[in-house]
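# Everything below, folded, please.
(2 chains)
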Amino acid sequence: MMSARIGLGSVTRKVAFAPVIGRNQTVLRTLIPKRGVQIQSLSPSASEEILNAQRLKRPSSPHFTIYQPQLTWFSSIANRMTGGALSALLYGFSLAYLVAPDTFDSVHIVEFVAGLPDYVKYTGKVILAAPFTFHFWNGLRHLSWDMGKFLSLKGAYRAGYAVLGATAVSTVALVLM
Amino acid sequence: MCQVDGTVNDPIEFPPSSRTHGSYHWAFERLLAASLVPMTAAAFVTSGSSYPVLDGLLGLSLVMHSHIGFDSMIVDYLHKRKFPILSPITTWTLRTMTVGVLVGIYQFNTNDIGLTELIAKVWTA
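Numbering: from 1, shown residues only, chains lettered A, B, ... in the order given. Okay, the predicted model is just below:
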């Protein structure tokens, strides 16, 4: 038989001999009790409350401290920090001069610096020259990225090492000036 | 706590496109940063007292460059979406300070020896 050859024999036999009740879907639905799941309609604010409660229980994702220090992202944040520090100095001095021009005039500042011991002067020069030169050279690196240069990983690293080298050389040169 | 705009399934609303906030702003930032390079070089070889225009330009450009830098830090770390009160306060504090700084630098360049001369004198003090 055709049905036996393709393996439908048992199925056709089952349907044929099954009680009428099992074949009638309407009867089946009324006989089998409903499961205890109910859908509740929530207002947007209520659903947001549930979402926020769930978010509070979520584990924190690992912070950037899990990443290996690499030249690519270290130079990026260093660029922001050096720029911010230099700008803070510029803002601090200008506002100080605006508020108290007789205290923060050039004569007083130069006099004050001249009276400092040599090691403080040299340390101060390094503290000023290193961020300035780094931000200067790395700024050029950023501008060259903006022009589409050194955008490959290798290029970014090469330019990064060049920035570090130029920073070291020009910091020493400025401190010795 | 981060809040959701609208209901939880609403998509993000994109801000209307604006060249002033986009390409013009981006190009201006880069031109400003690039123009600081020859200005810095000029400041090294000249004296601010004999070229007061350079001091004026440098004071204005450095302050604008700094303002943009500080402002992008606020956008990155203190965004209005997450800090609805602190963020505008910081932005307006920065704006006020920048105006004060511009006035202060102008006063120093006008009544005192100027920025480049000050740095040169302090460096060799």
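
# Could I get the full set of helices for chain B?
Assigned by DSSP state H, chain B shows helices spanning B:23-45, B:52-77, B:86-111, B:115-123.

# Say whether chain A is contacted by the shortest one.
What that stands for is helix B:115-123. Yes. Residues of helix B:115-123 are located near chain A by Cβ under 8 Å from any Cβ of the partner chain, namely B:117-118, B:121-123. Heads up, the C-betas are built off the backbone N, CA and C, glycines and all.

# which one of the residues you listed is nearest B:A42?
B:E117 (13.3 Å; Cβ to Cβ).

# In contact with the residue nearest to the spatial centre of chain B: list those residues for me.
The residue lying closest to the centre of chain B (Cα atoms, centre = their mean) is B:H67, at 1.8 Å. For B:H67, the contact set (Cβ atoms under 8 Å, 6 or more residues apart in numbering or on different chains) comprises B:94, B:98.

# From what I see, B:T116 and B:L57 are in contact.
No. Using Cβ atoms under 8 Å as the test, B:T116 is too far from B:L57 to be in contact (10.7 Å).

# Between these two, tell me which one has more neighbours.
B:T116 (24 against 16; other Cβ atoms under 10 Å in any protein chain shown).

# What's the separation between that one and A:V175?
19 Å (Cβ to Cβ, to the nearest Å).

# quick one, what contacts the nearest residue to B:L58 once chain neighbours are set aside?
Nearest residue to B:L58 in three dimensions, chain neighbours excluded: B:M39, at 5.3 Å (Cβ to Cβ, 6 or more residues apart in numbering or on different chains). Contact analysis of B:M39 by Cβ under 8 Å, 6+ apart lists B:54, B:57-58, B:61.

# same check, this time on A:S94
By Cβ under 8 Å, 6+ apart, the contact set of A:S94 is B:63, B:100-102, B:104-105, B:108.

# Might you enumerate the residues of chain B proximal to chain A?
By Cβ under 8 Å from any Cβ, the residues of chain B that approach chain A are B:1-2, B:4, B:6-8, B:30, B:33-34, B:36-37, B:40, B:62-63, B:65-66, B:69-70, B:73, B:97-98, B:100-105, B:107-108, B:111-113, B:117-118, B:121-125.

# How about the host helix or strand of A:S75, which residues are buried there?
Here A:S75, judged by DSSP states H and E, is contained in helix A:71-99. For helix A:71-99, the buried set under the neighbour-count rule, 16 or more other Cβ atoms under 10 Å in any protein chain shown, comprises A:75, A:78-79, A:82-84, A:86-87, A:90-91, A:93-95, A:97-98.

# now the angle from it to helix B:52-77?
Going by axes from the mean of the first three to the mean of the last three Cα atoms, to 10 degrees, helix A:71-99 is angled at 120 degrees with respect to helix B:52-77.

# roughly how far is helix A:71-99 from the heart of the chain?
In terms of Cα atoms, centre = their mean, to the nearest Å, the centre of helix A:71-99 is found 21 Å from the chain centre.

# Walk me through the domains of chain A.
Using automatic domain parsing, the domain ranges for chain A come out as A:1-31, A:69-176.

# What pLDDT does the model give residue 41?
Picking chain A for this. Listed pLDDT for A:S41 reads 84.

# ah, no, chain B please
The per-residue pLDDT of B:A41 was computed as 91.

# what about it, how many neighbours?
Around B:A41 there are 10 other residues, counting by other Cβ under 10 Å.

# before we move on, what about B:W123?
Counted with other Cβ under 10 Å, B:W123 comes out at 17.

# That one and B:A43 touch, don't they?
No. Counting by Cβ under 8 Å, B:A43 is not a contact partner of B:W123; they are 11.9 Å apart.

# okay, now B:S23: neighbour count?
11.

# And stretch A:150-167, what's buried?
A:150, A:156, A:159-160, A:163, A:166-167.

# give me every residue that touches the residue nearest the centre of chain A.
Chain A has A:F64 as the residue nearest its centroid, 7.4 Å off, counting by Cα atoms, centre = their mean. Taking Cβ under 8 Å, 6+ apart, we find A:F64 in contact with A:W73.
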